[in-house]
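S.K.: For reference, the sequence and a predicted model appear below.
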Amino acid sequence: MTENAPRLTRDLAQAKRDLDLFGYCLVTEALSAGEVRALRERLIEQAAAEAEIGRATRDGGAGAPNQRVWNLINKGRVFRDLILHPLVDAILPHLLGNGFILSSLTANIAGPGGAPMYLHRDQGYLPFHTPMPVVANIGWMLDDVTSANGGTRLVPRSHLSAAPLADHADISQTIAAQGPAGSALVFDGRIFHGTGPNSTETRRHVLLSYFARPFMRAQENPFLSLDVEVERALPEELKARLGYKVWGTLGGVEGPAEAAIVSRPARPIGELRPRGR
């Protein structure tokens with residue numbers, strides 16, 4: 001670890017220290033070569049098919065060379081498995097405590113010529129600073145990620161300050177998160193960051209698993225967006241991570257049922273009157 005930025009590490013204790021000090025960490029060999037290959041192949045196939053039917057989401061400046069792929073929970077078992085990856089349970093409680101849920105699982109494919117994304121905080125919708133994060137993100141690198149091909153730019157230590165971006169840095173003063181395919185960038189929801197510019201001739205593929213404390217509203221609404229057949233086949237552990245588990249008094253169906261895994265009722269109770277009236 002340098003004075004100004006974390007280095008790639010396999011030591012999760014060091015990774016947690018980096019999160020506390022800098023607001024992000026870089027974990028090497030988070031994914032095996034086989035996992036990288038399976039995730040990358042399925043993502044490329046899905047992205048191409050969405051573009052083919054005119055459903056691609058694009059950004060990245062002039063020509064919109066970047067592509068976003070949303071709601072990956074619906075789009076392959078390999079993506080669903082990622083939500084229960086050992087690294088998630090090993091490091092996310094350090095930021096979000098226990099019971100955290102998935103807010104969204106998406107892909108950010110940075111294309112050649114892509115412009116830098118505006119710097120932002122993932123919990124920037126909160127109108128106040130929090131002493132601990134309420135959201136956090138893991139960027140799973142499916143290619144070798146560098147400063148040149150769109151590595152996420154971060155403002156180290158900005159997670160510790162309530163000051164606006166103008167008091168921190170602009171894109172020229174940020175640090176790029178870099179690592180070989182299979183690495184993971186874990187970052188606090190309070191840190192300023194944004195996709196970097198891609199000045200290479202190739203596309204850069206990264207998955208983003210965005211997590212939140214269990215009382216937060218999710219970015220992707222699984223109760224409406226999940227395919228019904230996918231939902232029926234989900235194991236309880238994954239349902240809990242998608243917010244189907246009651247937390248405290250939140251998330252119940254017909255009232256809270258402490259820690260229950262809830263499901264869509266076949267016939268919700270509607271307006272009733274006693275017999276004879």
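M.R.: Received, thanks.

S.K.: which stretches of the stretch 151-277 of the chain form strands?
M.R.: 153-154, 175-176, 184-188, 193-194, 204-212 (DSSP state E, counting those that start in this stretch).

S.K.: Below-threshold pLDDT in this structure: ranges please.
M.R.: For the chain, the stretches with pLDDT under 70 are 1-3, 167-172.

S.K.: and with 50 instead?
M.R.: Along the chain, the parts satisfying pLDDT under 50 run over 1-2.

S.K.: which helix in it runs the most residues?
M.R.: helix 33-52 (DSSP state H).

S.K.: Pull out the buried residues from that helix.
M.R.: 35, 36, 38, 39, 40, 42, 43, 44, 46, 47, 50 (16 or more other C-beta atoms under 10 Å). C-beta coordinates here come from the backbone N, C-alpha and C atoms, glycine included.

S.K.: Stretch 140-159 too?
M.R.: Neighbour counts over stretch 140-159 (16+ other C-beta under 10 Å) mark 140-143, 145-146, 149-156, 158-159 as buried.

S.K.: and which of the residues you listed is nearest residue 23?
M.R.: Nearest to residue 23, judged by C-beta to C-beta, of the buried residues of stretch 140-159 is residue 159 at 3.4 Å.

S.K.: Counting by contacts, list what the host helix or strand of residue 93 packs against.
M.R.: Here residue 93, judged by DSSP states H and E, is contained in helix 86-96. Contacts defined by 3 or more C-beta pairs under 8 Å, 6 or more residues apart in numbering; DSSP states H and E place helix 86-96 against helix 12-22, strand 24-27, strand 135-141, strand 184-188, strand 204-212.

S.K.: Against which helices or strands is the first one packed?
M.R.: Helix 12-22 is packed against strand 24-27, helix 86-96, strand 184-188, with contacts defined by 3+ C-beta pairs under 8 Å, 6+ apart.

S.K.: Kindly reformat the ones you listed as TSV containing distance to residue 115 and mean neighbour count.
M.R.: Below are the helices and strands packed on helix 12-22 laid out as TSV (distance: least, C-beta to C-beta, whole Å; neighbours: other C-beta atoms under 10 Å):
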stretch	distance to residue 115	mean neighbour count
strand 24-27	22	27
helix 86-96	29	17
strand 184-188	20	26
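
S.K.: could you redo the ones you listed as JSON lines and give each row distance to residue 254?
M.R.: As requested, those are exported to JSON lines (distance: least, C-beta to C-beta, whole Å):
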{"stretch": "strand 24-27", "distance to residue 254": "42"}
{"stretch": "helix 86-96", "distance to residue 254": "28"}
{"stretch": "strand 184-188", "distance to residue 254": "37"}
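
S.K.: so which of the ones you listed gets nearest residue 119?
M.R.: Using C-beta to C-beta, those put strand 184-188 closest to residue 119, at 12.7 Å.

S.K.: three-state assignment of the closest residue in space to residue 63 that isn't next to it in sequence?
M.R.: Once flanking residues are discounted, residue 63 sits nearest to residue 113: 6.5 Å by C-beta to C-beta, 6 or more residues apart in numbering. Using DSSP: H, G, I helix; E, B strand; the rest coil, the structure places residue 113 in coil.

S.K.: and what of residue 105?
M.R.: strand.

S.K.: Run through the residues that contact the closest residue to it other than its chain neighbours.
M.R.: The shortest distance from residue 105 to any non-neighbouring residue, by C-beta to C-beta, 6+ apart, is to residue 72 (4.5 Å). Contact analysis of residue 72 by C-beta atoms under 8 Å, 6 or more residues apart in numbering lists 43, 46, 79, 105, 106, 107, 207.
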